[in-house]
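Peer 1: no sequence for this one, just the structure:
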């Protein structure tokens, strides 16, 4: 295998689009998700279309040992990855005190713990080789608090902050960490998170467009990049630091309520 990208959450949405983009460049892939059928279908499609080599790892990253098991599998097969793309994640709408704690616990495990663990396992090897790129998929949600999605917004705030911090720690190396901050994107995420009928997702961007922006930013070693954000949303985000917090929270809540 050569020019290898490890992509989590690769079976659909942004992750699948990222895998396709990397395959088009001639790179090989290790794709990770829970759905073996979807991963096998993607492997067959990419190998046939682009002549790349694709390895499938079926793992549920909400399980605490999954990141270590992924790392050990790759170590045993003596594979040196060049790109770590932490894309797997999910959200969920509703008042925090009314939501199922098991769902929110799994969200924290996937969006925060698994991502952090994979960075910790692979980053020392990148630093030893003095090369490598990490792309952590965060969200524009990371830039503010999110009533009706309190845990999701908080997990993405962690992803952006964590990514920015370790990027600076690596300033004297050739290893880079990029945070991708998508806005509303047309994937299965909205339906899973019960967000597909909200105002926020009425004009969603394509997964392919968002993935290309993130992939290009990763190759360029950018600190972070916004993607899938309308002009109005960009204006709103620029106003976030200047908007009284109670007003901002009310605006965000209304955007996430179902009419």
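Peer 2: Great, that's in hand. Note that the structure is a prediction, hence the values are computed from the model and not measured. Numbers count the residues shown, from 1 in each chain.
Peer 1: from here on, contacts and neighbour counts on C-alpha atoms
Peer 2: OK.
Peer 1: Would you mark the buried spots in the helix or strand encompassing residue 69?
Peer 2: Taking DSSP states H and E as the definition, one finds residue 69 inside helix 66-76. Using 16 or more other Cα atoms under 10 Å as the test for burial, helix 66-76 gives 66-67, 70, 74.
Peer 1: Same check on stretch 44-54?
Peer 2: In terms of neighbour count (16+ other Cα under 10 Å), stretch 44-54 has its buried residues at 46, 50, 52-54.
Peer 1: Could you work out the most separated pair of those?
Peer 2: Maximum pairwise distance in these, criterion Cα to Cα, is 10.5 Å, between 50 and 54.
Peer 1: my guess is residue 30 meets residue 2, correct?
Peer 2: No - checked against Cα atoms under 8 Å, the pair residue 30 and residue 2 is beyond contact range at 11.0 Å.
Peer 1: Compare those two (neighbour count), which wins?
Peer 2: More crowded of residue 30 and residue 2, by other Cα atoms under 10 Å: residue 30, with 22 against 14.
Peer 1: now that one, what's its secondary structure?
Peer 2: Going by DSSP: H, G, I helix; E, B strand; the rest coil, the secondary structure assigned to residue 30 is strand.
Peer 1: Just send the buried residues of stretch 44-54 back as JSON lines, with pLDDT too.
Peer 2: Shown next, in JSON lines, are the buried residues of stretch 44-54 (pLDDT from 0 to 100):
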{"residue": "46", "pLDDT": "97"}
{"residue": "50", "pLDDT": "96"}
{"residue": "52", "pLDDT": "96"}
{"residue": "53", "pLDDT": "96"}
{"residue": "54", "pLDDT": "97"}
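Peer 1: Now tabulate those residues in TSV and tack on secondary structure and distance to residue 152.
Peer 2: What follows is those, written out as TSV (DSSP: H, G, I helix; E, B strand; the rest coil; distance: Cα to Cα, whole Å):
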residue	secondary structure	distance to residue 152
46	helix	31
50	helix	35
52	coil	35
53	coil	34
54	strand	31
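Peer 1: per-residue pLDDT, the closest residue to residue 60 other than its chain neighbours?
Peer 2: Leaving aside its sequence neighbours, residue 60 sits nearest to residue 34 (Cα to Cα, 6 or more residues apart in numbering; 5.1 Å). Looking at residue 34, its pLDDT is 95.
Peer 1: Any idea how many residues pack against residue 34?
Peer 2: 17.
Peer 1: now do the one 4 residues further on
Peer 2: By the measure other Cα under 10 Å, the count of residues near residue 38 is 14.
Peer 1: didn't it look like it was pressed against residue 11?
Peer 2: Yes - with contact defined as Cα under 8 Å, residue 38 reaches residue 11; the gap is 5.6 Å.
Peer 1: which residues are common contacts for the two?
Peer 2: Shared contacts of residue 38 and residue 11, defined by Cα atoms under 8 Å, 6 or more residues apart in numbering, are absent.
Peer 1: Can you show me the helices along the stretch 51-200 of the chain?
Peer 2: Along the stretch 51-200 of the chain, counting by DSSP state H, counting those that start in this stretch, helices occupy 66-76, 101-108, 115-129, 150-169, 189-192.
Peer 1: List the contacts of the second one.
Peer 2: Which is helix 101-108. By Cα under 8 Å, 6+ apart, the list of residues contacting helix 101-108 reads 62, 89-92, 151-152, 155.
Peer 1: Go through that helix and flag the buried ones.
Peer 2: 104, 106-108.
Peer 1: residue contacts, the residue nearest to residue 60?
Peer 2: 58-61.
Peer 1: Who wins on neighbours among the residues you listed?
Peer 2: residue 61 (25 neighbours).
Peer 1: isn't residue 7 right up against residue 23?
Peer 2: No - using Cα under 8 Å, residue 7 is not in contact with residue 23, being 11.7 Å away.
Peer 1: Pull up the overlap in contacts between these two.
Peer 2: In contact with both residue 7 and residue 23: residue 29, using Cα under 8 Å, 6+ apart.
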